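> Sharing a model that was predicted from the sequence below.
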Protein chains: 2
Amino acid sequence: MPNPTFYNLPPEKRELITTVAIDEFYEKGYEKTSIAKIIDKAKIPRGSFYQYFEDKNDLYRYLIIEVIGARKHQYSAHLSNLKELSFFDYIRHLFLSGIQFYRDYPKLASIAIDFMSIRDKELRIIILGESQKKADDYFIQYINERKDDGEIVNSLDTSTLVYFIHSMNQTLANFFLDHGKTFEDDHLVQQVNNMISILENGIKPLEGENIGKNEEI
Amino acid sequence: MPNPTFYNLPPEKRELITTVAIDEFYEKGYEKTSIAKIIDKAKIPRGSFYQYFEDKNDLYRYLIIEVIGARKHQYSAHLSNLKELSFFDYIRHLFLSGIQFYRDYPKLASIAIDFMSIRDKELRIIILGESQKKADDYFIQYINERKDDGEIVNSLDTSTLVYFIHSMNQTLANFFLDHGKTFEDDHLVQQVNNMISILENGIKPLEGENIGKNEEI
DNA sequence: TGTTAATATGACACTATCGTCATATGACAG
DNA sequence: CTGTCATATGACGATAGTGTCATATTAACA
């Protein structure tokens, strides 16, 4: 984490460094981002950088924690009635707030997505620390409750579901990355609804449902 | 692609280089893999490497194409009756042959998964070239046929489905990466079946299905 | 054996980056 | 005014990697 000195900096300078760092990580990704470039663009002397941060990893950690904060904020922006949502609406909210986050902070979102699929799993665990585990536990508990409520089929084990929903979230995030700039929000929302529809009902037609629509005689 | 000289090499030497390269890309990932390390481990002189390959990218491309070949081989090993399978069994086969591939070539599988989530999308497109597009087109057509057959609900647009199934495949692949070494095959197969079950029926209980199992009175 | 073409080799020049450290600056306290 | 503490600065040595090229080696063949 940054040295206190960093926080004592005049805000413009601090923000400049942050902005430049975000630009770099966004454009180059973690591995290819270099301190040399960052201090060059932000026009701070080499020694100063090492005064503020231990190394690249330290800077990265700082940014990721900022991102997570921003994402959580986005997520719980309209939290008030979140508890009352049905399970599928809850998931929908999760996904849609993801779109919103991407719209509001495209670079941060992109960095976050990179971070989630970063090679170095250890690094992720170190950075997220306990907070990730807590979030997971909370989600597991939530799903178990919804199973008990009869909102979710209980033939699937919870950990599979958690993994699956988490990965759907990732998939959607990547979908935004790939198509976010070309597609309208309408289309993205439609995509979310499609995903949720599959999650709800699967893709096998109910007895007789499909008959006569496209089928050959 | 490698210079013909590379293919003229005595097989042991060629395979040594390949093996070392695989080890490196497996351990370090694309970005952090260096030619210096590879020539060092394979004990070939620097000049020779550049005789065989243009650069790191060229070597990588070569490996990826090898991997894709191996994966295809795995996939169609028991192709004879593939056409007769139901849609969901077809998908199951797709997923299960993925496990098998991971079992047979763990490092290659890992490299392939990395490749599929590689930052540099351009690179992926260049390497896969037309063959990816062909495979996609084939799959789209296949799904459309299955819709017409009434095997899949036709309220979802095909491209969403393709994306969804593709991402399930990715999810499973990552699951192998995370847990493949600790879990028995039984467990992995169970995981595949869970995924397919979600794909088929979703996770919302049918009318009355869940009642009385875990629900409070 | 002599000639030629293919291949092998590793020293070299170049570039990029890293983290440190001795020194400079500045602001504030006594 | 002076000493002290926090902060700023950028030159420096070290490391790691890249791609090239002049030279050496080998194989094949007339």
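On my side now, so go ahead.
> and the nearest residue to A:R92 once chain neighbours are set aside, how many neighbours does it have?
Distances taken as C-beta to C-beta, 6 or more residues apart in numbering or on different chains place A:I196 nearest to A:R92, at 5.5 Å, with adjacent residues excluded. From N, CA and C alone the C-beta is placed, and that goes for glycine too. Applying other C-beta atoms under 10 Å in any protein chain shown, we find 18 residues neighbouring A:I196.
> tell me the contacts of A:I196?
The contact partners of A:I196, by C-beta atoms under 8 Å, 6 or more residues apart in numbering or on different chains, come to A:F88, A:I91, A:R92, A:F95.
> where's A:T160 relative to chain B, distance?
5 Å (C-beta to the nearest C-beta, to the nearest Å).
> so what pLDDT did A:Y105 get?
What the model reports as pLDDT for A:Y105 is 95.
> cool, and the one 5 residues further on?
According to the per-residue confidence, A:S110 scores 96 in pLDDT.
> Can you report how many residues lie near it?
When counting by other C-beta under 10 Å, one arrives at 22 neighbours for A:S110.
> Look at the residue nearest to A:D185 when sequence neighbours are not counted and give its secondary structure.
Distances taken as C-beta to C-beta, 6+ apart place A:I99 nearest to A:D185, at 7.0 Å, with adjacent residues excluded. Three-state assignment for A:I99 (DSSP: H, G, I helix; E, B strand; the rest coil): helix.
> Ok, A:Q132 next?
A:Q132 ends up helix, using three-state DSSP.
> just checking, it touches A:I125?
Yes. Under the criterion of C-beta atoms under 8 Å, A:Q132 makes contact with A:I125 at 7.5 Å.
> From DNA strand D, how far off is the residue nearest to A:R92?
According to C-beta to the nearest atom of the strand, to the nearest Å, A:I196 stands 45 Å off from DNA strand D.
> separation between that residue and B:N194?
18 Å (C-beta to C-beta, to the nearest Å).
> Extract the residue ranges of chain A that are flagged as low pLDDT.
A:78-79, A:208-217 (pLDDT under 70).
> which stretches of chain A form strands?
Applying DSSP state E to chain A gives no strands.
> what residues go with each domain of it?
What automatic domain parsing lists as the domains of chain A is A:1-54, A:77-201.
> Roughly how far does A:I99 sit from A:R61?
26 Å.
> Looking at these two, which one has more neighbours?
A:I99 (21 against 18).
> How about the contacts made by A:Y30?
By C-beta under 8 Å, 6+ apart, A:Y30 lies in contact with A:Y60, A:D114, A:F115, A:I118.
> tell me, how many neighbours does the second one end up with?
The number of residues packed around A:D114, counting by other C-beta under 10 Å, is 17.
> ok, now the last one?
Counted with other C-beta under 10 Å, the neighbours of A:I118 add up to 19.
> I'd like the distance from it to B:R119, if you could.
From A:I118 to B:R119 the distance is 10 Å (C-beta to C-beta).
> so A:M195 touches B:S167, yeah?
No. Between A:M195 and B:S167 there is no contact under C-beta under 8 Å: 9.3 Å.
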